[in-house]
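# give the three-dimensional model of this entry:
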Amino acid sequence: MLVGHEQLCPVWNNAMVPDLLSATFRCPACGFFASKLPVRINSVQRIDEDARERALKGVRLSNLQQLVTECADFLPGGGRLLDIGCAHGWFMEAAKACGITCVGIEPDLEMERRARSAGHNVDFGLIPRRHARRSTV
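Got it, this is the predicted structure:
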């Protein structure tokens, strides 16, 4: 969030400091990163997502299921997961198989559509605009 010429942290609402790259900022209190760079994800030429899914889904699901299983002791029973940049929703698929309630957020319209078509609960948008101050997730 910009106030005047100052970039404010959406978590702590304090001034962010310039980071290593121009137009990028970091919150000294919590480490949150932000950018003034334009978002072009929905206006660029796409790769073949069907081919990507055919080639990668099996191995990614296997790896993600192992990750969720290894982390199960650290997850509270009935826990909820926010998958930021959920793409196809494969991490949510692996987590749901272990009984975890999931919500995804995805800035790419095509990926949001694919994840939603696969039955996932997905919001379209960018962090922090969609969830930074929400306590429901």
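# worst-scoring helix or strand of this protein, pLDDT-wise?
One helix or strand of the chain scores below all others by mean pLDDT, DSSP states H and E: strand 2-3, with a mean of 52.
# now do the strands in the chain.
2-3, 6-7, 17-18, 24-26, 33-35, 80-84, 101-106, 122-124 (DSSP state E).
# now do the last one: everything it contacts.
If you take CB atoms under 8 Å, 6 or more residues apart in numbering as the criterion, strand 122-124 is touched by 86, 89, 103-107, 109, 112, 115-116, 130-131. From N, CA and C alone the C-beta is placed, and that goes for glycine too.
# wait, Ala95 touches Gly104, no?
No: with contact defined as CB atoms under 8 Å, Ala95 and Gly104 do not form a contacting pair (10.3 Å).
# name the residues contacting each of the two.
Asp83.
# which of the contacts of strand 122-124 count as buried?
When those are checked for burial by 16 or more other CB atoms under 10 Å, the buried set is Cys86, Gly89, Val103, Gly104, Ile105, Glu106, Pro107, Glu112, Ala115, Arg116, Arg130, His131.
# now these as TSV including pLDDT and distance to Val17?
TSV is the format used below for the buried ones among the contacts of strand 122-124 (pLDDT from 0 to 100; distance: CB to CB, whole Å):
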residue	pLDDT	distance to Val17
Cys86	95	30
Gly89	96	35
Val103	94	31
Gly104	94	30
Ile105	93	26
Glu106	94	29
Pro107	91	25
Glu112	95	32
Ala115	96	34
Arg116	96	37
Arg130	50	24
His131	48	23
